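S.K.: Got a sequence here, can you model it:
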Amino acid sequence: MSNTFGNNIKVTIFGQSHSPAIGVTIDGLPAGFKIDFDELYTFMQRRMPGQGSHTTSRKEADEPEFISGLVDGVTCGAPLTAIIRNTDIRPSDYDKIKDIPRPSHADYTAYIKYGGAHDVRGGGAFSGRLTAPVCIAGGICIQLLKCEGISIAAHITQIGDVCVKGFDPVNVGEREFSLLKMLNFPVMDIKAKEQMLAAIENVKQAGDSLGGIVECAAIGLPAGIGEPMFDGMENRLASILFGIPAVKGIEFGNGFAAAGLKGSENNDAFIIAARCHGDGSPDTTKTIKTRTNNHGGILGGITSGMPLIFRVAIKPTPSIAIEQDSVSLSRKEPQKLKIEGRHDPCIVPRVVPCIEAAAAIAIYDAL
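M.R.: Purely as a prediction, here's the structure:
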């Protein structure tokens, strides 16, 4: 099933952008785990629409309603199902695109595959709206991973042509993570944040949109998680991350930059590192690390114990107010299209928690 992800836990997403509800079923969660609903709702709020001029004006509470799998807030072993009711919908905004596919959307390919029976409203089953139930599953997996000493955080490193420095690939830690999770626009450079917001406002006024790059890191992962060949950590992460509609590319570690390096420059030398206790005092136990982390914490599809780091490229929102060229599907002739409705001028800020959620699901499933 294309809407299901996972080997050890099964996460199934259902619904459409303008259906009565969207939701998720998670099968395989351990019984006896008490979900922190306040923490989950705080996480969900980070991707909610209508939180500023840089997002769509669509208003949705995005509060999960659990209908199975819990007893007094504790997982009971049965499949966990949660729904989010869609309330602020305007189906009439999409009447025009039943016959005129929007450029860079799935309208045309869905029309061909499903013979015109697909739901075009808000993108239907292809909508970024479906990342909300991904965040339910991911938010729960984040809590489960926390019990294992594993943390995940993401931040914006580029919007349009405004760029900021990424994580320290060797020493990234909880300090940066805690700071980022308090920000509704997660950028570690205040000056760059203002430049990014200004760039988004400029394209919004012009009826256009911007894309960008999100970097994500997971720390506390032990070495040895993952499989070689087709079930490695890169494979698992790529599979679920490409389920986020706006994602167009992924790189791990130094990624494409490795193509311009020599082996002697790209290789990460192994070292013996002393460990520390939680209070910072030295531990006599020694562990193997790498001096650098060009490999992004994954070697041969298996975690190395170094921070797991990857970046994803997010395309510009394809729904723009500028008139575009398209075709009439019924008349088979050229047609101009001016898209109506409510759309993000830049989807990047709201994608950040979705990236964290997807990473948490893939990592917890592998763990």
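S.K.: can we go C-alpha only for contacts and neighbour counts from here?
M.R.: Noted.
S.K.: same for the helix or strand where Lys204 lies, what does it pack against?
M.R.: For Lys204, the host element (DSSP states H and E) is helix 190-205. Counting contacts by 3 or more Cα pairs under 8 Å, 6 or more residues apart in numbering; DSSP states H and E, helix 190-205 is packed against strand 162-163.
S.K.: Contacts made by the strand it packs on with the rest, please.
M.R.: Here strand 162-163 makes contact (Cα atoms under 8 Å, 6 or more residues apart in numbering) with Thr157, Ala192, Gln195, Met196.
S.K.: who's in contact with Ala218?
M.R.: Ile150, Ser151, Ile152, Ala153, Pro307, Leu308, Ile309.
S.K.: Would you check how far apart it and Phe126 are?
M.R.: Relative to Phe126, Ala218 is positioned 28 Å away (Cα to Cα, to the nearest Å).
S.K.: do Thr25 as well
M.R.: Separation of Thr25 from Phe126 (Cα to Cα): 18 Å.
S.K.: can you check Arg46 too?
M.R.: 21 Å.
S.K.: As a check, name the ranges of all helices in the protein.
M.R.: Taking DSSP state H to define them, one finds helices in the chain at 37-45, 107-114, 131-147, 174-180, 190-205, 233-241, 263-266, 348-366.
S.K.: Show me what the fourth one is packed against.
M.R.: Same thing as helix 174-180. In terms of contacts (3+ Cα pairs under 8 Å, 6+ apart), helix 174-180 is packed against strand 151-159.
S.K.: Show me the contact partners of the strand it packs on.
M.R.: 142, 145, 163-166, 174, 177, 180-181, 186-188, 196, 210-220, 348-349, 352-353, 355-356, 359-360.
S.K.: change it to 6 Å
M.R.: The contact list for strand 151-159 (Cα atoms under 6 Å, 6 or more residues apart in numbering) reads 163-164, 177, 186-187, 211-219, 352.
S.K.: now do stretch 20-40
M.R.: For stretch 20-40, the surrounding residues in contact (Cα under 6 Å, 6+ apart) are 9-15, 73-77, 79-86, 133, 139.
S.K.: Identify each buried residue in it, please.
M.R.: For stretch 20-40, the neighbour count (16 or more other Cα atoms under 10 Å) marks Ile22, Gly23, Val24, Thr25, Ile26, Asp27, Gly28, Leu29, Phe33, Lys34, Ile35, Leu40 as buried.
S.K.: Just those: which are in strands?
M.R.: Using DSSP state E, Ile22, Gly23, Val24, Thr25, Ile26, Asp27 are the members of those that sit in strands.
S.K.: give me the low-pLDDT residue ranges for the stretch 101-250 of the chain?
M.R.: Scanning the stretch 101-250 of the chain for pLDDT under 70 picks out nothing.
S.K.: Bridged to the residue lying closest to Gly15 once chain neighbours are set aside, which residues?
M.R.: In this structure, Gly15 finds its nearest non-sequential neighbour in Ile22, 4.2 Å apart by Cα to Cα, 6 or more residues apart in numbering. In this entry, Ile22 is beta-bridged to Gly15, Ile84, by DSSP bridges.
S.K.: What separation do you get for Ile22 and Ile136?
M.R.: Ile22 sits 11 Å away from Ile136, going by Cα to Cα.
S.K.: So what touches the helix holding Lys204?
M.R.: Contact with helix 190-205 is made by Val187, Ser209, Pro345, as judged by Cα under 6 Å, 6+ apart.
S.K.: go with 10 Å
M.R.: Here helix 190-205 makes contact (Cα atoms under 10 Å, 6 or more residues apart in numbering) with 53-55, 156-164, 185-187, 206-212, 320-321, 343-346.
S.K.: Only C-alpha atoms, please: export that helix in PDB.
M.R.: This file holds the C-alpha atoms of helix 190-205, laid out as PDB (Å, rounded to 0.1, in the frame of the first residue of the first chain):
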ATOM      1  CA  ILE A 190      18.400  36.300  13.600                       C
ATOM      2  CA  LYS A 191      19.700  38.500  10.800                       C
ATOM      3  CA  ALA A 192      19.200  35.800   8.200                       C
ATOM      4  CA  LYS A 193      15.700  35.200   9.600                       C
ATOM      5  CA  GLU A 194      14.700  38.800   8.900                       C
ATOM      6  CA  GLN A 195      16.100  38.500   5.400                       C
ATOM      7  CA  MET A 196      14.200  35.300   4.800                       C
ATOM      8  CA  LEU A 197      10.900  36.800   6.000                       C
ATOM      9  CA  ALA A 198      11.500  39.900   3.800                       C
ATOM     10  CA  ALA A 199      12.100  37.700   0.800                       C
ATOM     11  CA  ILE A 200       8.900  35.700   1.400                       C
ATOM     12  CA  GLU A 201       6.900  38.900   1.800                       C
ATOM     13  CA  ASN A 202       8.300  40.200  -1.500                       C
ATOM     14  CA  VAL A 203       7.300  37.100  -3.500                       C
ATOM     15  CA  LYS A 204       4.000  37.100  -1.800                       C
ATOM     16  CA  GLN A 205       3.200  40.600  -2.900                       C
END
